[in-house]
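*Asks:* I'd like to go over a predicted model; first the sequence, then the structure.
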Amino acid sequence: MGFSLLPPEAEDLRRKLKGFALSIPLIRADEQMNWEGKDVQLVGDLVTARLNRIRDSGRLMKFLTMEDATGLFEVVLFPDCYARYGHHLTTPGPFYIRGTVQVKDHAPTIVGSFLSGI
């Protein structure tokens, strides 16, 4: 990889967002493993997305692969979060994401609680 689709202005945006939710750290993709079980904020561009329908309820959820200047990160938007914020995913980004880092088999995933286009 080694490069990002984010424009240079994205770093300025990251600096401005640091003050947005002071109690929640603004991290980079390469820092996820250090924040297991913690709430975090990230900024990134959408790389891929997969929509899934939950069999029992029929509700929709979405799996996202996103990228910042340091690498890729995975985000899952469960049905309540996707229903509330999924409409922001009509552009490739950049996006502001807030969620909790979960690690399974040495692979971090952000369980999204908020997503917004920037």
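*Replies:* Looks like it arrived, so ask away.

*Asks:* contacts and neighbour counts: CA atoms only from here.
*Replies:* Noted.

*Asks:* Low-confidence regions, this structure specifically.
*Replies:* The chain contains residues with pLDDT under 70 at 1-22.

*Asks:* Okay, helices next: where are they in it?
*Replies:* 9-17, 79-85 (DSSP state H).

*Asks:* Other residues contacting the last one?
*Replies:* Which is helix 79-85. Outside of helix 79-85, the residues within contact range by C-alpha atoms under 8 Å, 6 or more residues apart in numbering are 59-62, 112-116.

*Asks:* swap in stretch 71-78?
*Replies:* In this structure, residues lying in contact with stretch 71-78 by C-alpha under 8 Å, 6+ apart are 1-2, 4, 29-30, 60-67, 108-113.

*Asks:* Tabulate the CA atom coordinates of that stretch in CSV.
*Replies:* In CSV, the C-alpha atoms belonging to stretch 71-78 read as follows (Å, rounded to 0.1, in the frame of the first residue of the first chain):
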residue,chain,number,x,y,z
GLY,A,71,-3.4,1.8,6.3
LEU,A,72,-6.8,0.0,6.2
PHE,A,73,-9.3,-0.4,8.9
GLU,A,74,-12.6,-2.4,9.1
VAL,A,75,-15.8,-1.0,10.3
VAL,A,76,-19.1,-2.8,11.0
LEU,A,77,-22.3,-0.9,11.2
PHE,A,78,-24.9,-3.0,13.0
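
*Asks:* Name the nearest residue to residue 38, sequence neighbours excluded.
*Replies:* residue 100 (5.4 Å; C-alpha to C-alpha, 6 or more residues apart in numbering).

*Asks:* So what's the residue count around residue 45?
*Replies:* By other C-alpha atoms under 10 Å, the residues close to residue 45 number 25.

*Asks:* Repeat that for residue 24.
*Replies:* Quick note: residue 24 (other C-alpha under 10 Å) scores 15 neighbours.

*Asks:* Would you list the phi and psi of it?
*Replies:* Torsion angles at residue 24 (phi, psi; degrees, to the nearest 10) stand at phi -120, psi 120.

*Asks:* and it, what is it in contact with?
*Replies:* 39-41.
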